[in-house]
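Asks: no letters, just coordinates:
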């Protein structure tokens, strides 16, 4: 079979289909689509938007953009779920390279050119780069710093990696269509973490997921505390669900937040038992474990102070103040969600932050 990425004249570039699921993204959608249309890439391009049931005027903005841009296509995504929208957009697209884009992201002008070159050079099935999180206000800037810090999201390669090479997963992704379809596209039973799951299936088929730090995508995090907590709780729930499905294939870093939550709970329980003087009713091994965990409520705030000192360099005083609340909000909401997802499964848990 002829590889469509190698067919034709050597100087010809493969056509590219950008796919983007959308739900209530009136604030970001025009900026995200404009960054895609402005890509410096000489091959054919199309943009396919999967429109969920938005209630904030997103569809009106998209319709207005379509009036002047013939490369902008849309498909109806009844549920608004991310994996379902992505699969609908894939089916409606036509080119041999498929690039996932998020409504909260902005591509640098040379992103496609560099990404397709890396895809062809390495023979990988999927290529991804750095999530370059940024903020437009002090709170969002604090969240952005937490995203790229090892003490925030745990040091995933696409948050802070510096060396190119094979990776566990990829942020967004520049896919060979054949590999994407052969792996079964996105699992519509997963509301979150569907990228990790897809990249696992690509690797299980013998394919390569490649990380290239030269590829950077600007990402705008959630801009309020309530949205951040809801997003991270839902993400934790679905990671717990993935551990239920693929226990041995999950990195140990995913277990840090739930262990933190369990330790804090055990520490508070230990303090309450000592205060009530009923610790003697607990079996000795359990009592020793609870006593050990009692240090968590004390050591975690101390660790936070160290983390903010090391991760907050260059930030304003206000941004650092927000970081004091952002880091534990991310850790604890994610950890609580993970425990829930691991215990009972994700069911139809939805990320209500959108």
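Replies: Great, that's in hand. The structure presented is a predicted model; accordingly, all values stated were derived computationally and were not measured.
Asks: contacts and neighbour counts: CA atoms only from here.
Replies: Noted.
Asks: which helices and strands sit right next to whichever strand or helix holds residue 89?
Replies: Counting by DSSP states H and E, the element that carries residue 89 is helix 82-92. With contacts defined as 3 or more C-alpha pairs under 8 Å, 6 or more residues apart in numbering; DSSP states H and E, the secondary structure elements packing on helix 82-92 are strand 16-22, strand 45-51, strand 72-76.
Asks: list the buried residues for that helix?
Replies: Neighbour counts over helix 82-92 (16 or more other C-alpha atoms under 10 Å) mark 82, 83, 84, 85, 86, 87, 88, 89, 90, 92 as buried.
Asks: how far off centre is that helix?
Replies: Here the centre of helix 82-92 is set off from its chain's centre by 17 Å, with C-alpha atoms, centre = their mean, to the nearest Å.
Asks: run through who's touching stretch 165-176.
Replies: Identification of contacts with stretch 165-176 by C-alpha atoms under 8 Å, 6 or more residues apart in numbering yields 96-102, 115-116, 119, 125-131, 157-158, 195-196, 199-200, 208-212.
Asks: list the contacts of stretch 238-248.
Replies: The set of residues external to stretch 238-248 that reach it, using C-alpha under 8 Å, 6+ apart, is 190-193, 197, 249-250, 254, 337-343, 345-346, 349.
Asks: swap in stretch 334-351?
Replies: Contacts with stretch 334-351, where a contact means C-alpha under 8 Å, 6+ apart, come from 191, 230-241, 243-244, 256-261.
Asks: run the last query once more with 10 Å
Replies: Contacts to stretch 334-351, defined as C-alpha atoms under 10 Å, 6 or more residues apart in numbering, come from residues 81, 153, 189-192, 227, 229-245, 254-262, 328-329, 332.
Asks: now stretch 317-328
Replies: Here stretch 317-328 makes contact (C-alpha under 10 Å, 6+ apart) with 137-147, 151-153, 225, 228-229, 257, 300-301, 304-305, 307-309, 311-316, 329, 334.
Asks: so for it, mean pLDDT?
Replies: Averaged across stretch 317-328, the pLDDT comes to 89.
Asks: how about it: buried residues?
Replies: Neighbour counts using 16+ other C-alpha under 10 Å place 319, 320, 321, 322, 323, 324, 326, 327, 328 of stretch 317-328 among the buried residues.
Asks: on that earlier part again, mind checking the helices and strands packed on helix 82-92 for the one nearest to residue 59?
Replies: Taking C-alpha to C-alpha as the criterion, residue 59 comes closest to strand 45-51 out of the helices and strands packed on helix 82-92, the separation being 7.2 Å.
Asks: which helices and strands sit right next to that closest one?
Replies: Counting contacts by 3 or more C-alpha pairs under 10 Å, 6 or more residues apart in numbering; DSSP states H and E, strand 45-51 is packed against strand 16-22, helix 29-37, helix 58-66, strand 72-76, helix 82-92, strand 97-100.
Asks: and the longest helix belonging to the chain, how far from the chain's centre?
Replies: Criterion DSSP state H: the longest helix present in the chain is helix 317-344. Averaged C-alpha coordinates place helix 317-344 at 15 Å from its chain's average position (C-alpha atoms, centre = their mean).
Asks: what of stretch 64-76?
Replies: Its chain's C-alpha centre and that of stretch 64-76 lie 26 Å apart, by C-alpha atoms, centre = their mean.
Asks: just the strands in this structure please.
Replies: Counting by DSSP state E, the segments of the chain that form strands are 16-22, 45-51, 72-76, 97-100, 105-107, 126-133, 165-166, 171-176, 209-219.
Asks: ok, now how distant is the residue lying closest to residue 223 once chain neighbours are set aside from residue 79?
Replies: Leaving aside its sequence neighbours, residue 223 sits nearest to residue 140 (C-alpha to C-alpha, 6 or more residues apart in numbering; 5.1 Å). If you measure residue 140 against residue 79 using C-alpha to C-alpha, to the nearest Å, the figure is 28 Å.
Asks: what of residue 150?
Replies: Per C-alpha to C-alpha, residue 150 is found 34 Å from residue 79.
Asks: and for residue 206?
Replies: From residue 206 to residue 79 the distance is 33 Å (C-alpha to C-alpha).
Asks: same question, residue 191
Replies: As judged by C-alpha to C-alpha, residue 191 and residue 79 stand 11 Å apart.
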